[in-house]
Structures are given as C-alpha cells and as structure tokens.
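Undergrad: Give me a model of this one.
(chains A, B, C and D)
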There are 4 protein chains.
Amino acid sequence: MATTGDADLSPASVEAINDMVRSAFPGSRNYCHELGTGYAISRLEAAEGDLRPGGFISGPTQFGAADAALWFATFVGLGRMEPMALTSELSIRFLRPAIGSVLFARADVDIVTRRSVVGTVKIWCDDDVDRPTATAQGTYAIPLPK
Amino acid sequence: MATTGDADLSPASVEAINDMVRSAFPGSRNYCHELGTGYAISRLEAAEGDLRPGGFISGPTQFGAADAALWFATFVGLGRMEPMALTSELSIRFLRPAIGSVLFARADVDIVTRRSVVGTVKIWCDDDVDRPTATAQGTYAIPLPK
Amino acid sequence: MATTGDADLSPASVEAINDMVRSAFPGSRNYCHELGTGYAISRLEAAEGDLRPGGFISGPTQFGAADAALWFATFVGLGRMEPMALTSELSIRFLRPAIGSVLFARADVDIVTRRSVVGTVKIWCDDDVDRPTATAQGTYAIPLPK
Amino acid sequence: MATTGDADLSPASVEAINDMVRSAFPGSRNYCHELGTGYAISRLEAAEGDLRPGGFISGPTQFGAADAALWFATFVGLGRMEPMALTSELSIRFLRPAIGSVLFARADVDIVTRRSVVGTVKIWCDDDVDRPTATAQGTYAIPLPK
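TA: Predicted structure coming up:
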C-alpha cells in the first residue's frame, strides 16, 4: 500500500483531524476514530434521523461514513491534512442490514498519486467488524497547483 | 425504457409516495417532486447540516437525493409502491460544486426485472438542470417471494 | 452538456479517430461509428472469442465497448483527439443478455474539466437501441502538463 | 468473510474449474490459479491483442481478469461451481500502468446471500502483488429457482 508520511499522522493526530472536522465541516457527525499505516477508521453515533423503519441505519448514512473514512485515509496517504480534497467518485454495495448504535468505516489506501487517492472501505456496526454492512471503493481528488 | 403500469403512478401519486415517506421513513427529507413514464424526480430543501464549508451541499446529501430518486423511480418501474425495495449498490460521480437551496435528482429507469431495478440519476441545484452537480447509477433489489 | 469544439470533430472525423485507433491501439476492435454534440458511438463486430455459452456477448467485451465509446466521447468533449487520455474508473451494470452480431455503445459527456471527462454509456446489440444490454458510467483522466 | 463449503473447493478443484472454463467458455483466457477460504486468484498470460501502446495491458483486459476472479470466488463462496452465475455489476479503478507478461486478479468474497455474491478484487502483474494496477468491486447474481 503506497502511503507516505504516517509519522506526521500518528495516533495523536486523531484529535487534530477531529478539531478540523468540527471547525471546517460542522454538519458532519463522522469523527476520526483510528489512524494507522495506510488506513483510517471513522466513527458515527447513530441518531434518530439516520434510521430507516426497523431501526436500520440508512444507506446515505453509511455512504457518509465511507466518505469520511476515505477522507481521513487520504490525509494518511498524503501525510498531511488536506481539507480541500474532494470526493470525485464513490461506489457502495450494501451487504446486510446495519443494526447497531455506532457505525464504523475503515478505509484502506490503494494508491496515492499526484492527482488522487483511491481506497477501499468496509463498514460495520458496533463490534461486528467481521459482519460488514457495506463495502465501498472511491477516489478523492487532490487540489492541483494553479 | 422498460417500465410498466405508470397508469397506477399518475401525477396524483406523488402525494401518495410522500405520505408513505413521511410515515415509513421520517428521517428522510427527500420528497417526491415529479413522476413520469420511466422516471422520477426527488426534491430536498438544503438545511444547515447539509452544507460543507463554502456553502456547498455535501456529497452524502447528494447521494441521499440520488438514492431517494431511484427509490421513487423503482415504484414507477414496478407500477406500485414497494417500500421494502432496498438499494443494493449505487455509484456516484461528483461533477461540480452543488450551490443552491434546493437539490433535485432525476432517476431514469434502465431496466426492470423480477429481481431488481437499475437506473441512471442526474442531480442539480435549483434551476440549473443543465449543470448537473453529480451523476449516478445504481440498483434497487426487489423483495423476493419467500 | 458541457462540450466544446465539436466543429473540430465533425462527422468527417470519425475516420480520423479510426485511423488513430488502428495505428495506436491495434489490439482494439472497437471503432468509432458516429460523433455528435456531446456524444460518441462505438461499434464492434462480435467475434468467436467474444461469446459466452448460448451466444451471448461477454461482459468484458461490453466493458471494452463502453470504454472505447467513452474514449471517443472524451475527444468530443475536449474538441481534440487525446490518445493518452486514460480510463481512471468505470462502473458497468449488465441489464439483459447481449445477443447479436454488432455491439454498439453510446457515451454521453456529463462534464469536461481540466482534469477529467465524465460520461454515461448505454450499450446495445444490432438495432435494439431501446433494449440496452448494459449501462455504465466512468471517468477519463486528461494528461496534465508536467 | 461469509463463505461456505470450501472443503468442496480444495486446491484440487482449481483444475475442475479450469476444465469447466475451457469447455463452457472457450473464449476466456483467464484461468483459475489458486483457491482459498473466501478468495480466488485468476491468471492470464498477456497476448499481443491485450496490449496498449507502450506495452501496457489494456483496461478491458484487466476488467476481464477481475470478472473471472470474482466468478471463481463466487464458486468458493457458494461451495459449488455455478457456471450460470452472471455479473450484475462491476466497478473498476485503474491505479498504475499494467506492465508485465502475466496478469493476476485476487477476489475476496465480501458476502454470500441467496441472491448474490459481492467481492473486492485486486489486480497486479507478475510478482508485483504489492503494486496493484487496478482495484475493483462487484456483484455476481445467483440464478434463482424458477
């Protein structure tokens, strides 16, 4: 997995990312939960508005988690926070009902280039890391010098 | 475009769909705006929590709009409301910043089979129907008889 | 549809594209069939090796057609041939068996930016333009100045 | 990873799969290389017609490898060969030029349900397993009882 500079994104940086999320994107409820070599994990506490009938966490909420995890993994891949990195595309497959109170997403970096970061994401509820509720892949575009 | 039974989903049925959405999925703010032969349009009034810095409507909010429009188009394709139809997969590409106060998504049905409905979605803000902010494709799975 | 310069890609240019395909990518059997404002159509004569049991044109063959049509549409979107434009991602959904002797794919440009061209593709056999065998969306990356 | 019955798809079964491929789908040049719990690896010897200018293995050839690996992984997931399992959708991202003489794809099963198998695929050349040329995800539909 081609990642660089995770020395700059040590566990201590989880909080730095979350500070940025809170100030730059207050609408997001997906926070950084864990960072490691070539990956990031996001965490969301499900709220009433996230639920479909039957108590399932909705598809768009899971998409948001995948998108956030890949954003954080982009920071890992680049070795720096890059808040203006933007999702260029993301595809998601829903695997089983998402039942639980906390939604996690883990994004693994597939490649880092000058233009973009591509990653693969698994999503699950609570402790059910071996029972993914969705799987996704996508691309973040890195801002180019003008 | 292989659609059936739109006699049963006349313009009058927009309200029937919205009644169902309100009662079955109160967390959703995407409502049905228009139905026609082989397509449906959803409508969302952007709220504070939907916005990214700069006032852009966020990616997950646009994904939610695409997902809702394709759900409504699934009803058109089937010729009946099928609230338990579930997204099996959806891929989205973001094209330009989504700036505006109302987000529309139009889903056109590509095929209806016994198992699923596949459709293509365009998303835009306000009157900018010719300046799509995102384009998507995806599949709804139809519940099978047990 | 944000396209430019189709004056430079008039019907006469179908042959210019096909000359380029033949010389630069002799392995391809997908040729340019038609160009218009914001779209391109590719054409493939199915051969023995393209067929699955039952005489269906295989999925990878249809993917190749979608990829070629989007390449040609990228030229339309850019207003010039750009042989080094490369697919960055492409997703495809298979709709019904592809039965026929000629496979067509039509790619419509969704957006052209400095970095990429995004388009939506429909694929069909022979005269069955209203019975698509597959639907796809994808992105071509445009080479950046060094 | 939810897989079953790999006792029935032991290493010895690689040859059973390849016998089936040769007889049922003679147009395919992707053979089964390895099977294990929840995964399958395909192998293709690149030929002249697979190459783009510069000697790169083409995108459609890589798509074909991903598609074949996911087909073999579907057999692993189901615990039986199911030649009539069909790709319903597949998305692929190209990561770096594919330079080499043998193309491998490894598909890991994400879920097996009554209706479908979803998996994630990595593609590489020769010994460069840590330098993937493409990453993909997709769905095979399982034939339903009539």
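Undergrad: Do the longest helix seen in chain A and chain B come into contact?
TA: With residue count as the measure and DSSP state H as the assignment, chain A has helix A:59-78 as its longest helix. Yes. Part of helix A:59-78 sits near chain B under the criterion Cβ under 8 Å from any Cβ of the partner chain, namely A:59-61, A:63-64, A:67. C-betas here are computed from N, CA, C, even on glycine.
Undergrad: elements contacting that helix?
TA: With contacts defined as 3 or more Cβ pairs under 8 Å, 6 or more residues apart in numbering or on different chains; DSSP states H and E, helix A:59-78 has these neighbours: strand A:31-36, strand A:39-45, strand A:86-94, strand A:102-112, strand A:116-125, strand A:134-141, helix B:59-78, strand B:86-94.
Undergrad: Okay, buried residues for the second one please.
TA: Okay, so that is strand A:39-45. Within strand A:39-45, the residues that qualify as buried are A:39-44, counting by 16 or more other Cβ atoms under 10 Å in any protein chain shown.
Undergrad: circling back: would you mind finding the most buried of the helices and strands packed on helix A:59-78?
TA: Mean neighbour counts were compared across these using mean count of other Cβ atoms under 10 Å in any protein chain shown; the top stretch is helix B:59-78, at a mean of 28.
Undergrad: can you give me how far the lowest-mean-pLDDT helix or strand in chain A is from the chain middle?
TA: Averaged element by element with mean pLDDT, DSSP states H and E, chain A has its least confident helix or strand at strand A:51-52 (a mean of 87). If you compare the mean C-alpha spot of strand A:51-52 with that of the full chain, they lie 20 Å apart, counting by Cα atoms, centre = their mean, to the nearest Å.
Undergrad: now stretch A:106-122
TA: On the basis of Cα atoms, centre = their mean, stretch A:106-122 is displaced by 10 Å from the centre of the chain it belongs to.
Undergrad: quick one: is that stretch near chain B?
TA: No. Contact of stretch A:106-122 with chain B is not found when judged by Cβ under 8 Å from any Cβ; the minimum separation is 12.7 Å.
Undergrad: One more: stretch A:16-23?
TA: No. Contact of stretch A:16-23 with chain B (Cβ under 8 Å from any Cβ) is absent, the minimum separation being 9.1 Å.
Undergrad: Show me which residues of chain A sit near chain C.
TA: Within chain A, the positions lying close to chain C (Cβ under 8 Å from any Cβ) are A:88-89, A:91, A:114-116, A:139, A:141, A:144.
Undergrad: By pLDDT, rank these and give me the bottom one.
TA: Within the set of the residues of chain A next to chain C, pLDDT is lowest for A:L144 (83).
Undergrad: which bits of chain A sit near chain D?
TA: When proximity is defined as Cβ under 8 Å from any Cβ, chain A approaches chain D at A:1-2, A:91, A:93, A:95-96, A:110-111, A:118, A:120, A:122, A:130-132, A:135-137, A:139.
Undergrad: Find the residue at the geometric middle of chain A.
TA: To find the centre residue of chain A, average its C-alpha atoms and take the closest one (Cα atoms, centre = their mean): that gives A:A69, at 0.7 Å.
Undergrad: I'd assumed A:A40 was in contact with that residue.
TA: Yes. Contact status for A:A69 versus A:A40: in contact at 5.7 Å, counting by Cβ atoms under 8 Å.
Undergrad: shared neighbours, the two?
TA: Between them, A:A69 and A:A40 share the neighbouring residues A:106-107, with contact defined by Cβ atoms under 8 Å, 6 or more residues apart in numbering or on different chains.
Undergrad: how about low-confidence regions in chain A?
TA: A:1-12, A:146 (pLDDT under 70).
Undergrad: Identify the residues contacting the nearest residue to A:R93 once chain neighbours are set aside.
TA: Spatially, and ignoring its direct neighbours in sequence, A:R93 is nearest to B:E89 (4.4 Å; Cβ to Cβ, 6 or more residues apart in numbering or on different chains). By Cβ under 8 Å, 6+ apart, the contact list for B:E89 reads A:91-94, B:138-139, D:89, D:139.
Undergrad: number of nearby residues for A:I99?
TA: 16 (other Cβ atoms under 10 Å in any protein chain shown).
Undergrad: did I read that right, it in a helix?
TA: No. Assignment of A:I99 by DSSP: H, G, I helix; E, B strand; the rest coil gives coil, placing it outside any helix.
Undergrad: Next up, phi/psi of it, please.
TA: According to degrees, to the nearest 10, the main-chain angles of A:I99 amount to phi -120, psi 120.
Undergrad: Would you mind measuring from it to chain B?
TA: Counting by Cβ to the nearest Cβ, to the nearest Å, the separation of A:I99 from chain B is 14 Å.
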